[in-house]
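Engineer: Need coordinates for the following:
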Amino acid sequence: MKVVVIGGGWAGCGAAITARKAGAEVVLLEKTDLLLGVGNVGGIMRNNGRYTAAEELIALGAGDLINITDANTRHKNVNFPGHEHAWLYDVNKIEPAVRRHIISLGIEVKVVTRVVDVERMDNRITGVYLSDGTFVEGDVFVETTGSTGPMGNCLRYGNGCSMCVLRCPAFGPRISVSYRAGIEDIKGERDEDIYGAFSGSCKLAKETLSKEIAEELNEKGVVVLKVPQEDINLDKLKQKVCQQYALKEFAENIVLLDTGHAKLMTSYYPLEKLRKIPGLEDAKFVDPYAGGKGNSIRYLSVAPRTDDLRVVGLDNLFCGGEKSGLFVGHTEAIATGSLAGYNAVRSQLGMPLLILPRLLAIGDIIAFANEKVMTREGRRNRYTFAGAEYFQRMKDLGLYTLDTEEIKNRVKRLNLDNIFNQKLI
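Structural biologist: Model prediction:
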């Protein structure tokens, strides 16, 4: 059996790993020269409800990527406004570590390989076309292409191309495989009746910060600096993808996190205003390079899907990450991707597909986000274990816990312990 995974971000890597562990031949197609996508500039794990979700993944047998981020963590149990016990991995070390692990499993990784079209027969995809004209056949497909790009979307719904880590000008635009197969995409919205939302953070070169700030950042993992009163912009919070950071503290303060670079927790910040803040007089953006005027626009390409992550209308296409819902975060991408890759194999074997129970946080967020995306109000929200509406729901339902033994027992009581490690073929 051949599983073709399209998109090499966190979700695609998760899908490739579970499909491979289930026994399939797996090829992972990534349009850029790096795996992980925004994982190369992200860096935040285990904050708030993501701790619970990470431990659920480990208990389910899909902890490979969690273990790699843990091993590359620079700071543990960092607290900053609205967030507790965050772990910050090193964005400059994570991609090679993940790539080595994936290759060691026998997964074929093809980078600088952009899918541009699909061939469909009845309700099945028979293969995908690459930009060089090559046709790649497969038995079952997993789309994890994300929802950012191409450049025209950042221009139409944002402030133009911000030269972000996804590098559309260099490697070409993102293509929606589900849309090419005839399935209409769902778009996330903002309060102003505008589609999409700005990515949630920027990176500053740590060397351009004052010695005092750089040292504090290296030691503590977080630095909070006051924004001058005249530069506080509460309205900008409405534009952010990451609603868990849409708190007034993130408008009134500059929040920096140490992920190797200095992670600036705002969608964008005019450079001349940033340099007014003591200690940031020489600050320089490293991602996106145009972080003084904008960031990438996301949530413009969500596929309609069922709770087993199969795309509605196609028998052999599954989806994960932002392609599967208005999700925010690496943990959320790994979780959805892992389930999609596993179910891709089950579907081809004619087995019943796995729907994770809502007694688990991962199962609940997958089902909850799917319910919400069907409503206009729901399309204006984002869903994450780390904050906003869904984290509150986790707490209300008693799903949020830091007790790893309790999490293991929950998974075991559902007879799902280590299920993603089981070979099916």
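Engineer: So what does the residue nearest to residue 214 when sequence neighbours are not counted have for phi and psi?
Structural biologist: Among residues not flanking residue 214 along the chain, residue 206 sits closest, at 5.4 Å (CB to CB, 6 or more residues apart in numbering). Just so you know, the C-beta spots here come from the backbone N, C-alpha and C atoms, and that holds for glycine as well. Here is the backbone geometry of residue 206 (degrees, to the nearest 10): phi -60, psi -30.
Engineer: where do the helices sit along the stretch 51-200 of the chain?
Structural biologist: For the stretch 51-200 of the chain, the helices defined by DSSP state H, counting those that start in this stretch cover 64-71, 94-104, 151-157, 168-171, 177-180.
Engineer: Who are the packing partners of the last one?
Structural biologist: Under the contact definition 3 or more CB pairs under 8 Å, 6 or more residues apart in numbering; DSSP states H and E, helix 177-180 sits against strand 115-121, strand 140-143, strand 317-319.
Engineer: Okay, now the sheet partners of the second one, with direction.
Structural biologist: So the one you mean is strand 140-143. strand 2-6 (parallel), strand 317-319 (parallel) (DSSP bridges).
Engineer: re earlier: does the residue nearest to residue 214 touch residue 223 like I think?
Structural biologist: No. Residue 206 lies out of contact with residue 223 (CB atoms under 8 Å); the separation is 10.7 Å.
Engineer: Which neighbours do these two have in common?
Structural biologist: residue 217 (CB atoms under 8 Å, 6 or more residues apart in numbering).
Engineer: The two: who's more crowded?
Structural biologist: residue 223 (23 against 18; other CB atoms under 10 Å).
Engineer: so who does that one touch?
Structural biologist: 213, 216, 217, 255, 256.
Engineer: Surely it is within a strand?
Structural biologist: Yes. Under DSSP: H, G, I helix; E, B strand; the rest coil, residue 223 falls within a strand.
Engineer: Residue 271 versus the closest residue to it other than its chain neighbours, what's the distance?
Structural biologist: Of all residues not flanking residue 223 in the chain, residue 256 sits nearest, at 4.5 Å (CB to CB, 6+ apart). Separation of residue 256 from residue 271 (CB to CB, to the nearest Å): 15 Å.
Engineer: need the helix or strand of the protein with the lowest average pLDDT.
Structural biologist: helix 249-252 (a mean of 78; mean pLDDT, DSSP states H and E).
Engineer: And the strands in the stretch 101-250 of the chain, which stretches?
Structural biologist: 108-110, 115-121, 124-130, 135-137, 140-143, 197-198, 202-204, 222-226 (DSSP state E, counting those that start in this stretch).
Engineer: Of these, which shows the lowest average pLDDT?
Structural biologist: In terms of average pLDDT, strand 197-198 trails the rest of the strands of the stretch 101-250 of the chain, at a mean of 89.
Engineer: ok so, going back, of residue 256 and residue 271, give the one with the bigger neighbour count.
Structural biologist: residue 256 (27 against 16).
Engineer: Am I right that the more buried one is in contact with residue 269?
Structural biologist: No. Residue 256 sits out of contact with residue 269 when judged by CB under 8 Å, with a separation of 11.3 Å.
Engineer: which residues of this protein score low on pLDDT?
Structural biologist: 192, 233-247 (pLDDT under 70).
Engineer: so residue 130 sits right up against residue 116, yeah?
Structural biologist: Yes. At 6.7 Å, residue 130 counts as touching residue 116 under the criterion of CB under 8 Å.
Engineer: Please name the nearest non-neighbouring residue to residue 55.
Structural biologist: Counting by CB to CB, 6+ apart, the residue nearest residue 55 is residue 407, at 4.3 Å.
Engineer: Distance of the one you found relative to residue 66?
Structural biologist: 12 Å.
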